[in-house]
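Asks: Sequence first, then the predicted structure, then my questions.
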Amino acid sequence: DGGITQSPKYLFRKEGQNVTLSCEQNLNHDAMYWYRQDPGQGLRLIYYSQIVNDFQKGDIAEGYSVSREKKESFPLTVTSAQKNPTAFYLCASSIAGGPGTEAFFGQGTRLTVV
Amino acid sequence: EDQVTQSPEALRLQEGESSSLNCSYTVSGLRGLFWYRQDPGKGPEFLFTLYSAGEEKEKERLKATLTKKESFLHITAPKPEDSATYLCAALYNFNKFYFGSGTKLNVKP
């Protein structure tokens, strides 16, 4: 089945540590996205990528980093510089441009700082 | 700045009581308007895409419509299983999706 896989589902991080969230898609989509969702708030864009080896900052990129070495993969690293990392993180992908540009989401990773 | 505003924040309905959810968006440069359903602890599930004013899409008890300034998600005779948070998103240039904060729908039997 085609889709987007995020792992792990739950992640616990000690203060001062970097952690990496995985996102893999087999939909052959060019564009991939990372969003953060806090309780009672909408999705806020962290980073997005429209093509391999290229990515752009979203609205809340500080304290995060990404890479896009393969079309299928777009991992997100939450660094120790992110002051309030506890949140629900969602990865999505879409066709870049043209009809059918809706984004499809993974099931999310819930990150908790302990 | 491009943005999306949803109302109401929360909506409680009795089973069978029809209603509408609103999504207002910044007009310039809109490439598409999307509706999603999100259940607690899950990723958003795609429902509809609307591209131009006057367009309508239907799926079971849901119908999405688009005007030049806003979109509506009409829920006809809802059932308890329709309870979820409904998100709308606007797509502008450079493949950036802007999401509203959602409407949390609770349908009581």
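Replies: Cool, the structure landed.
Asks: ok, residue 23 - contacts?
Replies: Chain wasn't specified; assuming chain A. Contacts for residue A:23 (C-beta atoms under 8 Å, 6 or more residues apart in numbering or on different chains) come out as A:4-6, A:32, A:34, A:73-76, A:91, A:106. In short, each C-beta sits where N, CA and C put it, glycine included.
Asks: ah, I was thinking of chain B
Replies: By C-beta under 8 Å, 6+ apart, the contact list for residue B:23 reads B:4-6, B:33, B:35, B:70-73, B:88, B:100.
Asks: Point me to the helix or strand that includes it.
Replies: Taking DSSP states H and E as the criterion, residue B:23 maps to strand B:19-25.
Asks: What residues sit buried inside that strand?
Replies: Residues B:19, B:21, B:23-25 are the ones in strand B:19-25 that count as buried (16 or more other C-beta atoms under 10 Å in any protein chain shown).
Asks: could those residues go into CSV alongside pLDDT and distance to residue A:84?
Replies: What follows is these, written out as CSV (pLDDT from 0 to 100; distance: C-beta to C-beta, whole Å):
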residue, pLDDT, distance to residue A:84
B:19, 98, 35
B:21, 98, 30
B:23, 97, 28
B:24, 95, 29
B:25, 91, 28
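Asks: what's the farthest-apart pair in those residues?
Replies: Greatest spatial distance in those: B:19 and B:25, 20.2 Å, computed using C-beta to C-beta.
Asks: what's the closest of the buried residues of strand B:19-25 to chain A?
Replies: residue B:23 (11.1 Å; C-beta to the nearest C-beta).
Asks: I'd like the distance between that closest one and residue B:6.
Replies: 5 Å (C-beta to C-beta, to the nearest Å).
Asks: Residues that sit against both of these two, list them.
Replies: B:88, B:100.
Asks: Flag the shaky bits of the chain, pLDDT-wise.
Replies: Reading this off chain A. Where chain A drops to pLDDT under 70, the residues are A:1, A:97-100.
Asks: hmm, I had chain B in mind actually
Replies: Of all residues in chain B, those with pLDDT under 70 make up the ranges B:1-2, B:27, B:94.
Asks: again, 80 this time
Replies: When residues are selected by pLDDT under 80, those of chain B lie in B:1-2, B:27-29, B:93-96.
Asks: Tell me the residues of chain B that contact chain A?
Replies: Taking C-beta under 8 Å from any C-beta of the partner chain as the contact definition, chain B meets chain A at B:4, B:6, B:31-32, B:34, B:36, B:41-46, B:49, B:51, B:87, B:89, B:91, B:94-102.
Asks: Quick one, which of those residues are buried?
Replies: B:4, B:6, B:31-32, B:34, B:36, B:42-44, B:49, B:87, B:89, B:91, B:95-102.
Asks: Compute the distance between residue B:61 and residue B:73, please.
Replies: Look at residue B:61 and residue B:73: by C-beta to C-beta, they are 11 Å apart.
Asks: which one of those two has more residues nearby?
Replies: With neighbours defined as other C-beta atoms under 10 Å in any protein chain shown, residue B:61 and residue B:73 compare such that residue B:73 has more, 24 against 14.
Asks: Look up how far residue A:103 lies from the closest residue to the more buried one other than its chain neighbours.
Replies: With sequence-adjacent residues excluded and distances taken as C-beta to C-beta, 6 or more residues apart in numbering or on different chains, residue B:73 is closest to residue B:21, at 4.4 Å. Look at residue B:21 and residue A:103: by C-beta to C-beta, they are 19 Å apart.
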